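Undergrad: need coordinates for the below:
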Amino acid sequence: MTKSQTPNPKPQVPNWSLFIGHWSLLIVSLFIILGIVYSLATPILEASDEFKHYPYVQYVQTHHALPVLDPDVCTWPPPDDCPWLQSGGQPPAYYVLMAALTSWIDTSDLDDVRWMNPHAFVGDPSQVCNKNLVVHLPEQEQFPWHGSVLAIHLIRLLTLGLSAGTIVLTYLLARDLFPDRPALALGAAALTAFNPMFIFVNASVNNDALAAFVGCLDLLLSVRLARDGLRTPLPLWRYGLVGLVTGLFILTKLSGLGALILLACLLAWLSYRRRSLRPLLVGLPIIVTIAALLSGWWFLRNWRLYGDPTALNVFVAIQGVRGGIPTLRDWLDEFVTFRWTYWGLFGAVNVMAPRWVYIFFDLLSLAGLIGFVLWIVQRQKIRNPQSAIRNSVWWIPALWAAILFVSVLRWTWIYFSFQGRLIFPDIAGISTLLMLGLQECASLVTKELRRRSLVIVHCSLFIVHCSFIVVLLVIAVTIPFVSIIPAYARPEPLTRADVPAEARVEPVDVGGVARVVGWELLPQTVRTGQDVEVVVYWEAIAPDGKDYVSFANLLGRRYQPVGQINRYPACGMVPTSLWRPGQVWRDFYRAPVAEDALAPSRLRVEVGLYDPEEGRTLGTVRVGEAKLAPPESAPPVAHPLAVDLAGGVRLRGYDLSPVEVSPGDVITLTLYWEAREVPAANYQVFVHLLGDGPKPLAQGDGPPLLGDYPTTMWAPGEIVADPHPIALPAGLPPGLYRLLVGMYDLETLARLARLNGGGDSVEIPVAVEVR
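TA: Have a look, this model is predicted:
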């Protein structure tokens, strides 16, 4: 190179690292603000299992001891003697910590505050109301807080502060795993901080928050143990620190035992890579010993009390088990719940985010997973030894996620608990690897730009990262206002004048306690498994202080119950003991139709009040009918016909059983009717057994399906299988007998004329032979 020649300058790439630290602090700050919003949006004891977790804390606070489980006492609804149910068997670290921090608060009012709703729709997000686990009294829960309400809000705030540490751990883990990707650390921190479910759980009284923090801290220490151990022998105190954190993890959640599996794999790998057994034979015993010294006393206590060091025997006895082995369909259905409860399914697993939120996070997860796999493939081409060493520990958070996932699968095999939040102890690792995959996908998009200008590439990626974080933030901000707050909005009492004019009816008294002054039941057509919706307006007459259960019943064929909803009135929010004379309460019911209900049928809808103490119904009111449509697949017609009658009806065929009979027997003629159009009246069916003369010798007249599916409910194209039993006279002589069928108008007694062939009846082609 001559003096006149100058080297080509390297392209200047913006150093975004200067901004990353400030942005990460902003993310933590926004997480805390969001957590406060989520906490205030969620009434006390309504967050995930909070109605069990806080009583555990309060018991430790007031008794200075851990609760003892008794399956005979700990039943649903949670009694005052065992409000924590099976959660009283969980490791105590979180509960002891929060009890100590709220020891100065008088929480003796917990039994008054904890008014359980025994009919809440737990785990059913399809219902639009009655999601509240607790009956809330505004005068008890309004600010300024006191007693148990104050303690719960304070613990929520303390838990939120603890969880901010999990965001920091996510950032640190991502920086340790991929120090040359500072934007990845920021994105991973945002993916954790703005996960709506993570915010919700960590803005409540829940030991999952401490488990997530300690689990992610254990993961970070494990990654650093592996990274540093590859370079040089580790001092013993490093193993001791990991053992201390692991012991605290085990004392917080039983899933902490899985950390020992992770550490055993890690140290075995490290021994192999170092060609030294010191990590495995020295490090692992130190970790296990310190963890056992910290948490072992709790396992000994359980062994003494329950005969099981983990206390899972009583835990399962209280919680219950599955009715059978889960099928592949069960796993697929519950995997939906797993995904939703990782990103956002609130309340008692019954408050959903908007559907598009789940679609967004599903696509995000899929893109992240695909990108992660692509990164692994690309990593095989690395030639830089230092880079290979640095990236060789990525498998640790991946293995930790797999261990937690398998433990959740195992627990789901026992009980319906396939919930994504149970793998939050690795949320730092999952967010980091997902963000890595998303970056890899983004790099494919910018591959062509990279050939032209690195500056443009980095600026584009920075804009993409910022946009990604903003989208996550917008989703997290939106959910409290569109999902959580509406789910627990307490209805206001109305007056009779507030009842819509089209819904008003002549008041119907129900047991002298209340009267029905209106209802709304729009014409509805449903199928088995679907819901019938009805709105009822209750007016309080003379409340007697009892908490009656309001119900909506669906009665199908032969008035058999095929659906029911039982709960407190006003969507579970306002029990009758809180009613005042003259108040009107709007009550919405969504009653599911049983899968095994006989269809088609009319569904009679009844509402009423029930006294659970005395086991009696105060009264019922018929508020209308709905239509239970036939199955989508038409019934097979044994003997086809094609006879059109006036009135929009067609006889499609028949089935006769038996054909050869004796006097006194009963034969059944099943007629298959089809509606060409909606019939104008409720027609009756006649079925006549004739000999040689015109006089019927036996009859099977009656409305279709014995009146359970009148013809005015029929829709064009529907096929109705209509059986008619015919009792033969005991003295009927042997011989061949004809069957004539048709329809007539009950009011005029006029038969429906045949449109093809004349006449007003149809002769069944097969004769009945009497022997």
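Undergrad: which segments of the protein make up each domain?
TA: Per automatic domain parsing, the structural domains of the chain span 17-483, 496-628, 639-770.
Undergrad: for residue 490, which of those is the nearest?
TA: Nearest of these to residue 490, taken as C-beta to C-beta: domain 496-628 at 5.3 Å. All C-beta atoms are positioned from the backbone trio N, CA, C, and that covers glycine.
Undergrad: how about residue 393, secondary structure?
TA: Taken by DSSP: H, G, I helix; E, B strand; the rest coil, the conformation at residue 393 corresponds to coil.
Undergrad: residue 421 versus that one, what's the distance?
TA: 26 Å (C-beta to C-beta, to the nearest Å).
Undergrad: quick one: low-confidence ranges for the stretch 401-550 of the chain?
TA: The model of the stretch 401-550 of the chain has pLDDT under 70 over residues 445-462.
Undergrad: any low-confidence regions in the stretch 1-150 of the chain?
TA: Across the stretch 1-150 of the chain, the ranges flagged by pLDDT under 70 are 1-21.
Undergrad: now the helices for it?
TA: With DSSP state H, counting those that start in this stretch as the criterion, the stretch 1-150 of the chain has helices at 17-41, 50-63, 93-101, 110-113, 138-141, 147-177.
Undergrad: looking at the ones you listed, which is closest to residue 761?
TA: helix 50-63 (66.4 Å).
Undergrad: buried ones in the closest one, by neighbour count?
TA: 50-61 (16 or more other C-beta atoms under 10 Å).
Undergrad: swap in stretch 749-768?
TA: 751-752, 754, 760-762, 764, 768.
Undergrad: and stretch 725-732, what's buried?
TA: Of the residues in stretch 725-732, 726, 728, 732 count as buried by neighbour count, 16+ other C-beta under 10 Å.
Undergrad: out of the helices of the stretch 1-150 of the chain, flag the one nearest residue 87.
TA: Closest among these, using C-beta to C-beta: helix 50-63, at 4.0 Å.
Undergrad: now do the closest one: everything it contacts.
TA: Here helix 50-63 makes contact (C-beta atoms under 8 Å, 6 or more residues apart in numbering) with 44-45, 65-67, 78, 83-88, 90, 92, 94-96, 98-100, 102-103, 105, 107-108, 110, 114, 116, 133-134, 148, 151-152, 155, 204-207.
Undergrad: among those residues, which are located in strands?
TA: Among those, no residue falls in strands (DSSP state E).
Undergrad: filter the residues you listed down to the buried ones.
TA: 44-45, 66-67, 78, 83-88, 90, 92, 94-96, 98-99, 102, 105, 107, 110, 114, 116, 133-134, 148, 151-152, 155, 204-207.
Undergrad: of residue 393 and residue 421, which one has the most company?
TA: Neighbours per residue (other C-beta atoms under 10 Å) separate residue 393 from residue 421, with residue 421 holding more: 25 against 21.
Undergrad: my guess is that one meets residue 204, correct?
TA: No - with contacts counted by C-beta atoms under 8 Å, residue 421 stays clear of residue 204, the gap being 11.1 Å.
Undergrad: what do those two both touch?
TA: Taking C-beta under 8 Å, 6+ apart as the criterion, residue 421 and residue 204 both touch residue 48.
Undergrad: from the chain's centre, how far out does the helix or strand hosting residue 338 sit?
TA: For residue 338, the host element (DSSP states H and E) is helix 328-343. Relative to its chain's centre, helix 328-343 lies at 9 Å (C-alpha atoms, centre = their mean, to the nearest Å).
Undergrad: leaving out chain neighbours, which residue sits closest to residue 211?
TA: residue 253 (3.9 Å; C-beta to C-beta, 6 or more residues apart in numbering).
Undergrad: could you pull out the strands for the stretch 151-300 of the chain?
TA: Taking DSSP state E, counting those that start in this stretch, the stretch 151-300 of the chain contains no strands at all.
Undergrad: and whichever helix or strand residue 744 is part of, how far from the chain's centre?
TA: Per DSSP H and E: residue 744 is located in strand 735-745. Computed by C-alpha atoms, centre = their mean, the chain-centroid distance of strand 735-745 equals 54 Å.
Undergrad: what does that strand contact?
TA: Contacts for strand 735-745 (C-beta under 8 Å, 6+ apart): 645, 647, 649, 651, 654, 656, 669, 671, 681, 683-691, 697, 711, 750-752, 760-764, 766-770.
Undergrad: same question, stretch 314-327
TA: Stretch 314-327 has contacts (C-beta under 8 Å, 6+ apart) with 69-71, 74-75, 85-86, 89, 306, 308, 334, 412-416.
Undergrad: widest-spaced pair of these?
TA: Greatest spatial distance in these: 70 and 334, 29.9 Å, computed using C-beta to C-beta.
Undergrad: which of those two has more neighbours?
TA: Neighbour tally, residue 70 and residue 334, criterion other C-beta under 10 Å: the higher count belongs to residue 334, 17 against 14.
Undergrad: the nearest residue to that one once chain neighbours are set aside: neighbour count?
TA: Excluding the flanking residues, the one nearest residue 334 by C-beta to C-beta, 6+ apart is residue 418, at 4.1 Å. Residues contacting residue 418 under the criterion other C-beta under 10 Å number 22.
Undergrad: same question, residue 606
TA: When neighbours are counted by other C-beta under 10 Å, residue 606 comes out with 18.
Undergrad: contacting residues around it?
TA: Taking C-beta under 8 Å, 6+ apart, we find residue 606 in contact with 552-553, 555, 620-623.
Undergrad: top of those by neighbour count?
TA: Going by other C-beta under 10 Å, residue 552 tops the contacts of residue 606 with 24 neighbours.
Undergrad: I figured that residue hits residue 603, correct?
TA: No - with contact defined as C-beta under 8 Å, residue 552 does not reach residue 603; the gap is 10.9 Å.
Undergrad: mutual contacts of the two, please.
TA: residue 532.
Undergrad: tell me how many other residues crowd the nearest residue to residue 213 once chain neighbours are set aside.
TA: Closest residue to residue 213 in three dimensions, ignoring its sequence neighbours and counting by C-beta to C-beta, 6+ apart: residue 166, at 4.9 Å. Residues lying near residue 166 (other C-beta under 10 Å) number 29.
Undergrad: who's in contact with residue 166?
TA: 192, 198, 202, 209, 212-213, 216, 427-428.
Undergrad: okay, these in CSV with neighbour count and distance to residue 142 next?
TA: Formatted as CSV, those follow (neighbours: other C-beta atoms under 10 Å; distance: C-beta to C-beta, whole Å):
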residue, neighbour count, distance to residue 142
192, 32, 33
198, 28, 28
202, 31, 24
209, 28, 26
212, 29, 31
213, 28, 31
216, 30, 36
427, 29, 34
428, 32, 37
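Undergrad: sheet partners, orientation included, of whichever strand or helix holds residue 670?
TA: Using DSSP H and E, residue 670 falls within strand 666-675. Here strand 666-675 is paired, per DSSP bridges, with strand 649-657 (antiparallel), strand 719-727 (antiparallel).
Undergrad: how big is the angle separating the helix or strand that it is followed by from strand 719-727?
TA: Using DSSP H and E, the helix or strand that follows strand 666-675 towards the C-terminus is strand 683-690. Counting by axes from the mean of the first three to the mean of the last three C-alpha atoms, to 10 degrees, strand 683-690 lies at 40 degrees to strand 719-727.
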